[in-house]
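starting from these lines, generate the structure:
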Amino acid sequence: MEIDKAPGGERDRVLIRLVNQYQGLLLRMCYMYLRDMELAKDAVQDTFLKAYQSLDDFRGDCSEKNWLLKIAVNTCRDMRRCAWFRHHDRRVTPEDLPRDVRLPDDDDDLDVMCDVMALPPKLKEVVMLYYWQDMNVNEIARTLGITHSTVSFRLKRAKEKLHDVLERRLGYGRNQS
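Residues are numbered from 1 along each chain as shown. Below is the predicted model:
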């Protein structure tokens, strides 16, 4: 994408459009990933800064949404790697979610949402991208920089973990009917 680098030029207009169009989506994604609103805001800001710096490198091989989500996920991963993050309590409740996130109407859906948020990060990110961002397996693979089969495996593993949690909650075992 060849964009004018002059201040107030096409480059700035593209950034403003991207921010207006994707800021809410990226904030929700980063918040679910990081479980901290201030860190999520920082991650979104870093995402747009990185996107602005690499606008010329964006070739259009994927949608802008997928490109920004990839940058955001990598930014969140970097933030989670720092020592401070690992030692800080990041538990999230649905009440802590940003206002523009639609909470489930019943307690069962709320329980499932909490169960998804409790998944390990690698499983949670594919679930969030697949079910909440409506991305297909190929888009997720490109976004996360992993293979199609890895995405499928992580989705399968996440479903198994969620199934086990549901069975325990309801008092059923795998061998019982």
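
care to break this protein down by domain?
1-94, 104-177 (automatic domain parsing).

format those as a markdown table; extra columns: mean neighbour count.
All C-beta spots, glycine's among them, are computed from the backbone N, C-alpha and C. Below are those laid out as a markdown table (neighbours: other C-beta atoms under 10 Å):
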| stretch | mean neighbour count |
| --- | --- |
| domain 1-94 | 16 |
| domain 104-177 | 15 |
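
can I get those in JSON lines with mean pLDDT?
Formatted as JSON lines, the domains of the chain follow (pLDDT from 0 to 100):
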{"stretch": "domain 1-94", "mean pLDDT": "80"}
{"stretch": "domain 104-177", "mean pLDDT": "80"}
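
distance between the helix of greatest length in the chain and the chain's centre?
When the chain is parsed with DSSP state H, its longest helix is helix 10-34. Put simply, helix 10-34 sits 12 Å off its chain's centre (C-alpha atoms, centre = their mean, to the nearest Å).

what of stretch 125-133?
The answer for stretch 125-133 is 7 Å, by C-alpha atoms, centre = their mean.

what of stretch 51-63?
Distance, stretch centre to chain centre, for stretch 51-63: 19 Å (C-alpha atoms, centre = their mean).

need the CA coordinates for that stretch. PDB is fine.
Only the C-alpha atoms of stretch 51-63 are listed here, as PDB (Å, rounded to 0.1, in the frame of the first residue of the first chain):
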ATOM      1  CA  ALA A  51       0.200  -0.500  12.200                       C
ATOM      2  CA  TYR A  52       0.900   3.200  11.300                       C
ATOM      3  CA  GLN A  53       4.600   2.500  11.200                       C
ATOM      4  CA  SER A  54       4.100  -0.500   8.900                       C
ATOM      5  CA  LEU A  55       1.300   0.800   6.700                       C
ATOM      6  CA  ASP A  56       3.600   0.700   3.700                       C
ATOM      7  CA  ASP A  57       4.300  -3.000   4.300                       C
ATOM      8  CA  PHE A  58       0.700  -4.000   4.300                       C
ATOM      9  CA  ARG A  59       0.200  -5.800   1.100                       C
ATOM     10  CA  GLY A  60      -3.500  -6.700   1.400                       C
ATOM     11  CA  ASP A  61      -2.900 -10.400   1.700                       C
ATOM     12  CA  CYS A  62      -5.500 -10.500   4.400                       C
ATOM     13  CA  SER A  63      -8.200  -8.100   5.600                       C
END
